[in-house]
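**Student:** Build me a structure from this.
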Amino acid sequence: MSDRPDIAILRSRSERSRREQQRTSQLRCLASGCACGPCRTAARFMVADAAEVPPDCPNRLALPDLRVDLPRFLRAAEAYVTPRARLHALPSLNGAGPALLERLIAGGKLVLLESRVRHEIRGVSVRVRPASGAPPVVAPPAVRSWIAVRVVEDETDRPVPRVALEITLPNGKTSSYLTRADGMVEIHEIDPGICAVTSPLENLRLTDTLDFVALGAARANPQPGAGATQDGASSGADGSPAASSQTSAPERRYAEAAVEQQPRWRIAEIEPHEVQTGESIDSLARANGLTWQELAEFNFNTRVPVEINRHLADLVGCTRKTADGYNYMFNTADRPGIFFIPKRWRQEALATEQAHTIRVRCLDFASRAYLGAQIFFHQTPIPDLEVEFFEAGPDDAPGAKIGATLLTDNDGLARVEGKVKIGSYVCRIERQPDVVISTTPEADRPAPIVLPIGRPFYEHDPQEESGRNQEEVGRPRAPEEPAG
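**Tutor:** From the prediction side, this is the model:
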């Protein structure tokens, strides 16, 4: 009789175990021989080693055309890769592309899986306890969505890899992301709604910070001769981001960033501030919620006073010093007189079910200069001439017009107000052919142009040259020294 309580306990445990097995059998794949169970993960899509999956597994996913459908599958799904499969596919996961995965799947070493029987335990649908005698009721699947953010350089449309982004999802959760080699961040299986994106501000430096230009597929500053641009994150047949059509190699600084997995770039709104008399690094920093050390480090990559003073003279063009003679100070006459101030960038109201393009640019101390021309005829300045400036496109063809039509002053000078991007521009003078000129670092040193176009600034005088030759002929020569 002493054994009866133990028997009752064992029977109770056996009954509970039987009921648990019966319940889990409704939620698990019952294919025979499946021991490791990749389908037991919470992911809907999986990549597994062929040895992990039995031949009769109903969750095997067959793609009609691997070459076409595999890249689309990898973009549309955040697939779980089993440890054994990761050993085969490690180069592909590190950015080598889907070509290796395609060969491994076609060769039967890897298998794609889609869990079709485990939705209940992932929360995609919820099992509702039925009333007595009623059939089970399953709630409809929750609506899921996606969003894509792509960072490109505004001037070239080339993708920027390794940009640190912080994206706030519709549920309020904020996570950190890093753009891929194609400049893209994609997030799937999220709630529909509105997202926001920003970039961290800690330890910013001008050399690794991108200036926000605009949001959208079209260039904010279209280049002459360039065709209409398309959003690099185009849509596939299901509305999710499709493959980028960008085939040209990124610029060197972006290509070098693509090979590592640590953040290389941040995004901020950078103000190229023209320094004024009475300002200082400290006053500019306090006005923008920074310390003078942070602002100096952003511009010059250093907080050492001696190095800061050297950069103030070399890069900002400061020439005046404080009364004690130790430090340079700002002056309105400094040239180029530019000091960069970073401000937090944040983009709100990004809707899901869309691919958003963020356009950025690089700034540095040599990025802007003056554009002007001084027009002469026989070294005499010509006033009241109509002059226009244009961006120089391919083959130096005129592109977008810079400013309004100008008239030369009494010194023959026509100059664009403010500064422009350093480079070459087309100058068009009335009744003259176009001429290509370059920007200058100083406003009072415009490009000289002599009319008619093509004539040198200093004329060649044949009579003066002839007289000089006659003087040379009449002048006695020194006797030559004997050779050897």
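
**Student:** helix/strand/coil for L104?
**Tutor:** Following DSSP: H, G, I helix; E, B strand; the rest coil, the label given to L104 is helix.

**Student:** Endpoints of stretch 277-289, how far apart?
**Tutor:** One end of stretch 277-289 sits 21 Å from the other (Cα to Cα, to the nearest Å).

**Student:** nearest residue to I270 other than its sequence neighbours?
**Tutor:** Counting by Cβ to Cβ, 6 or more residues apart in numbering, I270 lies nearest to D211, which is 4.2 Å off, once chain neighbours are set aside. Where you see a C-beta, it was placed from the backbone N, CA and C, and this is true even at glycine.

**Student:** Let me know the helix or strand that that neighbour is in.
**Tutor:** strand 209-215 (DSSP states H and E).

**Student:** which secondary structure element contains M46?
**Tutor:** strand 45-49.

**Student:** strands paired with that strand, and their directions?
**Tutor:** Neighbouring strands of strand 45-49 in its sheet, by DSSP bridges, are strand 80-81 (parallel), strand 110-114 (antiparallel).

**Student:** For these, state which one has the densest average packing.
**Tutor:** strand 110-114 (a mean of 22; mean count of other Cβ atoms under 10 Å).

**Student:** Kindly export that one (C-alpha atoms) in CSV.
**Tutor:** Extracted C-alpha coordinates of strand 110-114, given in CSV (Å, rounded to 0.1, in the frame of the first residue of the first chain):
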residue,chain,number,x,y,z
LEU,A,110,22.1,24.4,-48.2
VAL,A,111,18.3,24.4,-48.0
LEU,A,112,15.8,27.3,-47.8
LEU,A,113,12.9,26.8,-45.3
GLU,A,114,9.7,28.6,-44.6
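
**Student:** sorry, back to before: hang on, the residue nearest to I270 packs against E269?
**Tutor:** Yes - judged on Cβ atoms under 8 Å, D211 makes contact with E269 at a distance of 7.0 Å.

**Student:** Which of those two has more residues huddled nearby?
**Tutor:** D211 (21 against 13; other Cβ atoms under 10 Å).

**Student:** where's the residue nearest to L112 when sequence neighbours are not counted relative to V149, distance?
**Tutor:** Once flanking residues are discounted, L112 sits nearest to L61: 4.2 Å by Cβ to Cβ, 6+ apart. L61 is 28 Å from V149, where distance means Cβ to Cβ, to the nearest Å.

**Student:** correct me, but F390 touches T405?
**Tutor:** No - if you go by Cβ under 8 Å, F390 and T405 don't touch, sitting 11.3 Å apart.

**Student:** More neighbours: which of these two?
**Tutor:** More neighbours surround F390 than the other of F390 and T405, with 18 against 12 (other Cβ under 10 Å).

**Student:** for that one, helix, strand, or coil?
**Tutor:** strand.

**Student:** wait, what's in contact with it?
**Tutor:** 224, 398-402, 425-426, 428 (Cβ atoms under 8 Å, 6 or more residues apart in numbering).

**Student:** quick one: pLDDT of the nearest residue to it once chain neighbours are set aside?
**Tutor:** Leaving aside its sequence neighbours, F390 sits nearest to P398 (Cβ to Cβ, 6+ apart; 3.8 Å). P398 carries a pLDDT value of 89.

**Student:** So which bits of stretch 347-365 are buried?
**Tutor:** In terms of neighbour count (16 or more other Cβ atoms under 10 Å), stretch 347-365 has its buried residues at 347, 350, 352, 354-363, 365.

**Student:** end-to-end on it?
**Tutor:** First-to-last residue span, stretch 347-365, Cα to Cα: 26 Å.

**Student:** State the mean pLDDT of it.
**Tutor:** 92.

**Student:** Distance check, V68 against P159.
**Tutor:** Counting by Cβ to Cβ - V68 and P159 are separated by 22 Å.

**Student:** Show me which of those two is the more surrounded one.
**Tutor:** More crowded of V68 and P159, by other Cβ under 10 Å: P159, with 24 against 11.

**Student:** Show the model's pLDDT score for the more buried one.
**Tutor:** 90.

**Student:** Does it touch M184 like I think?
**Tutor:** Yes - P159 is in contact with M184 according to Cβ under 8 Å; the separation is 7.2 Å.

**Student:** residue boundaries of the helices in the stretch 351-484 of the chain?
**Tutor:** 462-474 (DSSP state H, counting those that start in this stretch).

**Student:** Sketch out the low-pLDDT regions of it for me.
**Tutor:** Counting by pLDDT under 70, the ranges of the stretch 351-484 of the chain that qualify are 366-368, 394, 422-423, 441, 454-484.

**Student:** Break down it into its strands, ranges please.
**Tutor:** 355-361, 368-369, 372-377, 380-381, 386-392, 398-407, 413-415, 420-421, 424-429, 435-438, 447-450 (DSSP state E, counting those that start in this stretch).
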